[in-house]
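>>> Please find the sequence and the predicted model below.
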Amino acid sequence: MNEDRAAGAPVPVHFEDRSLAARMRAGDEAAYATFAERCFGPLYRFAASRLAGNPDLTLEIVQTTMTKALSNLGSYRGEAALLTWICSCCNNEIRMHFRRRRSAPDEVELAEELGPPAGSQSAATEDAEADLLRKEEQLQVHMALDGLPERHARALEWKYLDRLPVAEIATRLGLHLKATESLLTRARQAFRASYERAGAAVHAGSSGGEKNEGKADHGRA
Amino acid sequence: MDEHDPRIGATPNESDEDDEALGARIAEAGPRSPIPPEALAALHATARAALSAPGEDNARSAPSVGRWWRLAAAAAAFLAIGFGWFTFRTLAPSRATPVAVVEAATGPLEVEIGKGYWREVRVGERLSKDARLRTGQGSRASLRLTEGPTVRVDAESQVWFLSAAVVGLERGGIYADTGLGLPSGPALEVKTPLCTVRHLGTQFEVRWIEAAPSALRVRVREGSVEVEGEGRTERATAGEELSVLRGGGVARTRIAGYGSDWNWVMDAAGQLEIEGRTLGELLDRVRRETGWQVRFADPALEASARRIVLHGGVGALRPDQAAFAILAGAGFAGDLKQGVLVVRRR
């Protein structure tokens, strides 16, 4: 994504996310709720996709990421979306974890043995590369859905995944038909924005923490 | 993935074609695997703790004079509104000086927000000076005071956080550990109408005993405490229990620092984190939580335990249960007899 930006060109600032971070630091509960809704689910899924689905390790890494990132929230300047910044922090944590594991002495794995991070497996064939791209696309869509209010995400899944008629979705949501259509419209709009954010975050993770546009090494963005 | 599908990109106006493309994306991605709700709860706890911690750049940790004026003005406005003020206090967490953070809870906890009015407190939330916390039947909590000590609150208890170093016990029982992970224990006092219990580097429990003949019980697990009240000062050391009577009398008995009487303390501790710790560190923690003595069958074994790094988790196992699971996973075994855990090779 960086190559799109000409040298010396002004860095785009994510004003909304910068304001969100400032309000969170000031103790604004509504800002915290927005942040949690947008970032917790996508961040967890992002980490899980790179840690072979190991739930204990995923939670450990995500909690460490959250602690470090939020402790340094004052250094977030909005040069990357907040989710991108946090996913970059997470990517760094994952790399540090595997670096420590390689240099550690006697180790006892109480949980099941882990494979290498999915993102580090080389795609030997075109099929493998296509598979990797498909998985990234899947991750981006799922992260986008995770970043929506639960009712919006469920409504979209019922409509497009389960192919339920709007009337059935209305029944499940306890809404009238018109209100359900309106909710689906808002859900689609929210999904588009969430999909963009998730895309930037997935790319940040794939291209490595140092190179991503957020430069989010636990303190800079 | 480098270029977003233009049909999906954020555009102000939707069209049917856009909707179809969006739907196709969601359908192709397939169903999401669920994110464990306990993981999301843990993330909330972590995030709240990180935001409330006195970090280097946390704006809330060091409010400026100007900010206090703004807060005062805001408070005055809310007071003028009356009901609006009450609603604000009811729903919003405290912004006053934090003295403790809730680290773990086994059930609902509540903090007083006005005389007779309580609201639920979540794990990770910080409590301000003068906060009153109460636990219900079966709910226990572990809190870390900003001065460092850990305080565990038993079920059906009520505690008043007078400062980060002074805790009032109004009902039930609390357990204090002033040395967990700290080189030298910070100051801590437990105040009750009967007496004040002052630690001298220790782990101890203070509990109201409503039934006669005793009124307050102080049990010392490690180190010693000073109990001051009714014009006299008593000292209790590890393995002693003092019963402070309402008339001013004190009865002294011997107790064990381990066993079922201390189980509630472990129940309130929260999950035992083992990832990245050495077996030696874990056994130190188990010793502290259980009150057991930990011995090794031979010195080489202890050196080996100090080198072994653990990975994974032990779920919701209590420290006394987790110890055996961890030892087994690391190729060791443990024999427990009369509060002494002997670690040996399998």
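Received, thanks.

>>> Can you show me the helices along the stretch 51-200 of chain B?
Per DSSP state H, counting those that start in this stretch, the stretch 51-200 of chain B has helices spanning B:65-81, B:83-91. These are given in chain order.

>>> Then chain A?
A:15-25, A:29-50, A:55-71, A:82-103, A:126-146, A:150-160, A:166-173, A:177-207 (DSSP state H).

>>> and the nearest residue to residue B:168 once chain neighbours are set aside, how many neighbours does it have?
Leaving aside its sequence neighbours, residue B:168 sits nearest to residue B:160 (Cβ to Cβ, 6 or more residues apart in numbering or on different chains; 3.6 Å). The C-beta positions use only the backbone N, C-alpha and C, and glycine is treated the same way. By other Cβ atoms under 10 Å in any protein chain shown, 16 other residues sit near residue B:160.

>>> just the one 10 residues further on next, same as before
Other residues near residue B:170 number 15, with proximity taken as other Cβ under 10 Å.

>>> Residue B:18 too?
18.

>>> any idea how far residue A:191 is from it?
In this view, residue B:18 and residue A:191 are 11 Å apart by Cβ to Cβ, to the nearest Å.

>>> Need the helices of chain A in TSV (columns: mean neighbour count, distance to chain B and mean pLDDT).
Conversion of the helices of chain A to TSV gives the following (neighbours: other Cβ atoms under 10 Å in any protein chain shown; distance: least, Cβ to the nearest Cβ, whole Å; pLDDT from 0 to 100):
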stretch	mean neighbour count	distance to chain B	mean pLDDT
helix A:15-25	18	4	89
helix A:29-50	21	5	89
helix A:55-71	22	4	89
helix A:82-103	21	8	86
helix A:126-146	18	4	85
helix A:150-160	19	4	89
helix A:166-173	16	12	86
helix A:177-207	20	4	86
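
>>> ok, now which ones touch the residue nearest the centre of chain A?
Geometric centre of chain A, nearest residue: residue A:42, 3.6 Å, by Cα atoms, centre = their mean. Counting by Cβ atoms under 8 Å, 6 or more residues apart in numbering or on different chains, residue A:42 touches A:83, A:87, A:143-144, A:146-147, A:197-198, A:201.

>>> Recalculate using a threshold of 6 Å.
By Cβ atoms under 6 Å, 6 or more residues apart in numbering or on different chains, residue A:42 lies in contact with A:83, A:143, A:146-147, A:198.

>>> Just flag the most distant two among those residues.
A:83 and A:146 (10.3 Å; Cβ to Cβ).

>>> what about residue B:219, which helix or strand?
According to DSSP states H and E, residue B:219 maps onto strand B:214-222.

>>> Tell me the helix or strand right after that strand.
Criterion used, DSSP H and E; the element after strand B:214-222 is strand B:224-229.

>>> And that following strand, what does it pack against?
With contacts taken as 3 or more Cβ pairs under 6 Å, 6 or more residues apart in numbering or on different chains; DSSP states H and E, strand B:224-229 sits against strand B:196-199, strand B:232-237.

>>> mind checking which of those strands is nearest chain A?
strand B:196-199 (28.9 Å; Cβ to the nearest Cβ).

>>> ok, and what's touching the closest one?
With contact meaning Cβ under 6 Å, 6+ apart, strand B:196-199 is reached by B:178, B:188-190, B:206, B:218, B:225-228.

>>> Could you do stretch B:161-173 as well?
B:99-100, B:127, B:129, B:131, B:145-147, B:154, B:156-160, B:187-192, B:206-207.

>>> what's the straight distance from one end of that stretch to the other?
Using Cα to Cα, to the nearest Å, the end-to-end distance of stretch B:161-173 comes out at 14 Å.

>>> That stretch: which residues count as buried?
Within stretch B:161-173, the residues scored as buried using 16 or more other Cβ atoms under 10 Å in any protein chain shown are B:161, B:163-169, B:172-173.

>>> which one of those residues sits closest to residue A:61?
Nearest member of these to residue A:61, counting by Cβ to Cβ, is residue B:164, at 31.0 Å.

>>> In the stretch 1-150 of chain B, where is pLDDT below threshold?
Scanning the stretch 1-150 of chain B for pLDDT under 70 picks out the ranges B:1-15, B:17, B:53-96, B:115.

>>> So which residues of it form strands?
Under the criterion DSSP state E, counting those that start in this stretch, strands of the stretch 1-150 of chain B are mapped to B:98-105, B:109-114, B:117-121, B:126-128, B:131-135, B:141-145, B:150-153.

>>> Can you add distance to residue A:185 and mean neighbour count and give those strands back as TSV?
Formatted as TSV, the strands of the stretch 1-150 of chain B follow (distance: least, Cβ to Cβ, whole Å; neighbours: other Cβ atoms under 10 Å in any protein chain shown):
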stretch	distance to residue A:185	mean neighbour count
strand B:98-105	40	22
strand B:109-114	39	17
strand B:117-121	35	14
strand B:126-128	40	22
strand B:131-135	45	21
strand B:141-145	44	24
strand B:150-153	49	24
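
>>> Rebuild those as a markdown table, extending it with distance to chain A.
Converted to a markdown table, the strands of the stretch 1-150 of chain B look like this (distance: least, Cβ to the nearest Cβ, whole Å):
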| stretch | distance to chain A |
| --- | --- |
| strand B:98-105 | 11 |
| strand B:109-114 | 14 |
| strand B:117-121 | 13 |
| strand B:126-128 | 10 |
| strand B:131-135 | 16 |
| strand B:141-145 | 14 |
| strand B:150-153 | 18 |
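
>>> ok so, going back, out of the contacts of strand B:196-199, which end up buried?
Buried subset of the contacts of strand B:196-199 (neighbour count, 16+ other Cβ under 10 Å): B:178, B:188-190, B:206, B:218, B:225, B:227.

>>> will you turn the residues you listed into TSV that also has pLDDT?
Formatted as TSV, these follow (pLDDT from 0 to 100):
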residue	pLDDT
B:178	82
B:188	86
B:189	90
B:190	93
B:206	91
B:218	93
B:225	91
B:227	91
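
>>> Stretch B:271-278 and chain A in contact?
Yes - using Cβ under 6 Å from any Cβ of the partner chain, stretch B:271-278 reaches chain A at residue B:275.

>>> Could you give me the buried positions within that stretch?
B:272, B:274-278.

>>> What is the nearest of those residues to residue A:128?
Looking across the buried residues of stretch B:271-278 and measuring by Cβ to Cβ, the closest to residue A:128 is residue B:275, at 31.3 Å.

>>> coming back round to it: and of the strands of the stretch 1-150 of chain B, who's closest to residue A:33?
strand B:117-121 (15.8 Å).

>>> Give me the angle between the closest one and strand B:109-114.
140 degrees (axes from the mean of the first three to the mean of the last three Cα atoms, to 10 degrees).

>>> Each with direction, which strands does strand B:117-121 pair with?
strand B:109-114 (antiparallel) (DSSP bridges).
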